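J.: Dropping the sequence and predicted coords here.
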Amino acid sequence: MTLVFVESAATIKIDGIKYTASGDGIISKELSEGKHNVVKADAANLFYMVFTTQSKDKVASPVSLKENNAEVNVGDTITLSCETEGATIYYTTDASNPKDSASKKQYTNGITIAYDMADANNRLTIKAYAKKDGWTDSDTLTVTYTLSMEAGENQLQMPTAEPNSGEVPRGTEATLKSTDANASIYYTLDGSMPNKEKSEQLFDKTKPIIITEETTIKAIAAADGKEDSTIQRLLRSQKKQTASAFMRTALAPTP
């Protein structure tokens, strides 16, 4: 709102607050949308008044065509849309806020599910919002999916291990296998997600993995022309006994 007075020192009250004109007789005040009370604070003559309020339209929140909490496979495509014409969608797949995250990406033609989007519990979270110049940004969409343990179309089966028991003693030699003879297997021993871009994580079929310390093996199978398998937690070593636990076991009476 802009008020112009004949007298340079004129005053006025806006919503009960007194304002004094500048040297050229002008008072400018930015007002929020809605009703405001404007009255003269002295006898100075009001020459003319410009009063403008403008509210920004809000962009509609993006929606996903895949319902929340659904099960998905590696290679599936998540489709997002926004009802606001001309709006641009930004999203993240690491559960961070897309409005200020450095990892956000501009949505173009679907989000392809990859194994490294999932957490240790095979859950993945997509967050997205939409924006348009001159409009207020949309609210943030949050959808969470479960990565299926079943292989999808053209997806490799999860690798397996021998021995195939969940918990093994230290000193066990473990061999990793895939149902596809052309597949390569990548694995980690620290519980982190295996990365096929790291050559040091490639399993050598001629050298079994020797379990020498408390660890968890996670593995993934990859092959040209096929979707990577889902990450599989294969083996974990038995926890090392403490001295007191060892003594309790050693001294326990024989039945």
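T.: Received the coordinates, thanks. Owing to the predicted nature of the structure, the values given are computational and were not obtained by experimental measurement. Numbering: from 1, shown residues only.
J.: Quick check: chain neighbours aside, which residue is closest to residue 134?
T.: Distance criterion CB to CB, 6 or more residues apart in numbering; nearest residue to residue 134, sequence neighbours excluded, is residue 56 at 6.7 Å. No exception for glycine: its C-beta is placed from N, CA and C like everyone else's.
J.: Show the contacting residues for that neighbour.
T.: For residue 56, the contact set (CB atoms under 8 Å, 6 or more residues apart in numbering) comprises 134, 135, 136.
J.: Among those residues, name the buried ones.
T.: Buried subset of the contacts of residue 56 (neighbour count, 16 or more other CB atoms under 10 Å): residue 135.
J.: I'd like the contacts of residue 56 as JSON lines, with distance to residue 227 and secondary structure appended.
T.: Converted to JSON lines, these look like this (distance: CB to CB, whole Å; DSSP: H, G, I helix; E, B strand; the rest coil):
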{"residue": "134", "distance to residue 227": "41", "secondary structure": "coil"}
{"residue": "135", "distance to residue 227": "38", "secondary structure": "coil"}
{"residue": "136", "distance to residue 227": "39", "secondary structure": "strand"}
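J.: May I see the contacts of residue 56 arranged in JSON lines, with pLDDT and distance to residue 222 as well?
T.: Below are the contacts of residue 56 laid out as JSON lines (pLDDT from 0 to 100; distance: CB to CB, whole Å):
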{"residue": "134", "pLDDT": "90", "distance to residue 222": "46"}
{"residue": "135", "pLDDT": "94", "distance to residue 222": "43"}
{"residue": "136", "pLDDT": "93", "distance to residue 222": "44"}
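J.: Which of the contacts of residue 56 sits closest to residue 99?
T.: residue 136 (12.0 Å; CB to CB).
J.: OK, contacts around residue 205?
T.: residue 175.
J.: run the last query once more with 6 Å
T.: For residue 205, the contact set (CB atoms under 6 Å, 6 or more residues apart in numbering) is empty.
J.: swap in residue 76?
T.: Contact analysis of residue 76 by CB under 6 Å, 6+ apart lists residue 113.
J.: since we're on the residue lying closest to residue 230 once chain neighbours are set aside, how many residues are nearby?
T.: By the measure of CB to CB, 6+ apart, the closest residue to residue 230 outside its immediate chain neighbours is residue 158, 5.4 Å from it. Using other CB atoms under 10 Å, residue 158 is surrounded by 19 other residues.
J.: Give me the pLDDT value at residue 158.
T.: Here the pLDDT value assigned to residue 158 is 88.
J.: swap in the one 3 residues further on?
T.: Confidence per residue is given as pLDDT, and for residue 161 that number is 89.
J.: isn't it right next to residue 174, touching?
T.: Yes. With contact defined as CB atoms under 6 Å, residue 161 counts as touching residue 174 (5.3 Å).
J.: Which one's more surrounded, those two?
T.: Taking neighbours as other CB under 10 Å, residue 161 and residue 174 compare with residue 161 leading, 23 against 20.
J.: Parallel or antiparallel, list what pairs with the helix or strand harbouring the more buried one.
T.: Following DSSP states H and E, the helix or strand that holds residue 161 is strand 160-162. Taking DSSP bridges as the criterion, strand 160-162 sits next to strand 173-177 (antiparallel) in its sheet.
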